[in-house]
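K.L.:
Below: sequence and its predicted model.
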Amino acid sequence: MKISDRSVGIAGILMSAFLLSTIWTTQFETKAFPMAGLFILMILSVILALRREDKKYTLENFKQVAMGIGLLLFYIAGLKVLGFILASILFLFAFVSLNHYEGSKIVAAFYCVALPILLFAIFQLLFHIRLPQGIL
């Protein structure tokens, strides 16, 4: 089964329009960020739907997306138990491995370890925002 850009764009327009209308009628304090994100999604979906070249997506494309979403769900579930640093390192290693990174493995490993540690230091020391500690 192949799905075209136009179909994906129309689905994005419908989904973002529904969510925008839901957020607009719901009473909560922080509407600005979700509404801005959905507005951008709607604009990009319109562009995707109106493009002249129409790519076809196969089941293999959706398998990669599903694996990425699954990894993200495991990452979110493991944050509290493993902590930000360890969960992020494991997530990045798995993500890089599943997407068949073709560059230097040493550079990839360095970034997979250094990025979570750097982000943790920035949020803890600079912004004073506590991130999950976990077992570390």
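P.N.:
It's in.

K.L.:
where does the residue of the chain most remote from its centre land in three-state SS?
P.N.:
Distance from the centre of the chain peaks at residue 52, with 27.1 Å (CA atoms, centre = their mean). Recorded secondary structure, residue 52: coil (DSSP: H, G, I helix; E, B strand; the rest coil).

K.L.:
and it, backbone torsions?
P.N.:
Dihedral angles of residue 52 (phi, psi; degrees, to the nearest 10) stand at phi -80, psi -50.

K.L.:
Figure out how far the longest helix seen in the chain is from the centre of its chain.
P.N.:
Across the chain, the longest stretch assigned as helix under DSSP state H is helix 59-82. Here helix 59-82 is found 9 Å from its chain centre; the criterion is CA atoms, centre = their mean, to the nearest Å.

K.L.:
buried residues in it?
P.N.:
Buried residues in helix 59-82, counted by 16 or more other CB atoms under 10 Å: 71, 75, 78-79, 82. C-beta: built from backbone N, CA, C; applies to glycine.

K.L.:
from those residues, which is closest to residue 108?
P.N.:
Comparing the buried residues of helix 59-82 against residue 108 with CB to CB places residue 71 closest, at 15.7 Å.
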